[in-house]
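>>> model the following, please.
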Amino acid sequence: MNVIPLYAVISLSGAAEAAAASAPAISLSQSPLVMRMSKDEFRIAFGINGERCSQSGCHGLIHYRVNWKAEDGTIRSEVKQVSYAIAPHSGRSLAVDRQYFDTSEGEHTTEVVAVSVDRITCLQGVPEHGR
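This is a model prediction of the structure:
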């Protein structure tokens, strides 16, 4: 019969809890989706998985970078953020940001070259304005 000392069991369960606590509560379900609305207007959608915060819900910000190209070939980069909220017991949400990328207020066609997420913040519970 194999006997595991009690302190080893406590130590193992503590390690499992620490690993679970260090895992992010929020992740993206896929790469951001870019939708063209007009020559220079876009919607950028983020599918959010939040199963680990489904009991109480959560909210936060997605900090992301957009690289876009003007008609003349100039490439620019902008840092943006969009808020999200996951309702209690849902575990998923969608955040959509509305963006305009042009140097001449809609006179030129622009292209979104890449969208990358820098970080996602997460706070437990749903903000008051989200209830």
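>>> and the strands in this protein?
With DSSP state E as the criterion, the chain has strands at 27-28, 33-36, 41-49, 58-69, 75-86, 92-100, 111-120, 123-124.
>>> tabulate these (a markdown table), appending mean neighbour count and mean pLDDT.
For glycine as for every other residue, the C-beta is placed from the backbone atoms N, C-alpha and C. Putting the strands of the chain into a markdown table (neighbours: other C-beta atoms under 10 Å; pLDDT from 0 to 100) gives the following:
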| stretch | mean neighbour count | mean pLDDT |
| --- | --- | --- |
| strand 27-28 | 14 | 94 |
| strand 33-36 | 14 | 96 |
| strand 41-49 | 18 | 96 |
| strand 58-69 | 19 | 95 |
| strand 75-86 | 15 | 95 |
| strand 92-100 | 15 | 93 |
| strand 111-120 | 15 | 96 |
| strand 123-124 | 13 | 90 |
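>>> find the centremost residue of this protein, please.
Geometric centre of the chain, nearest residue: residue 62, 4.4 Å, by C-alpha atoms, centre = their mean.
>>> can you give me the distance of that residue to residue 47?
Separation of residue 62 from residue 47 (C-beta to C-beta, to the nearest Å): 11 Å.
>>> likewise residue 89?
Taking C-beta to C-beta, one finds residue 89 at 18 Å from residue 47.
>>> now swap in residue 82 and tell me
Applying C-beta to C-beta to residue 82 and residue 47 gives a distance of 12 Å.
>>> repeat for residue 37
Residue 37 is 19 Å from residue 47, by C-beta to C-beta.
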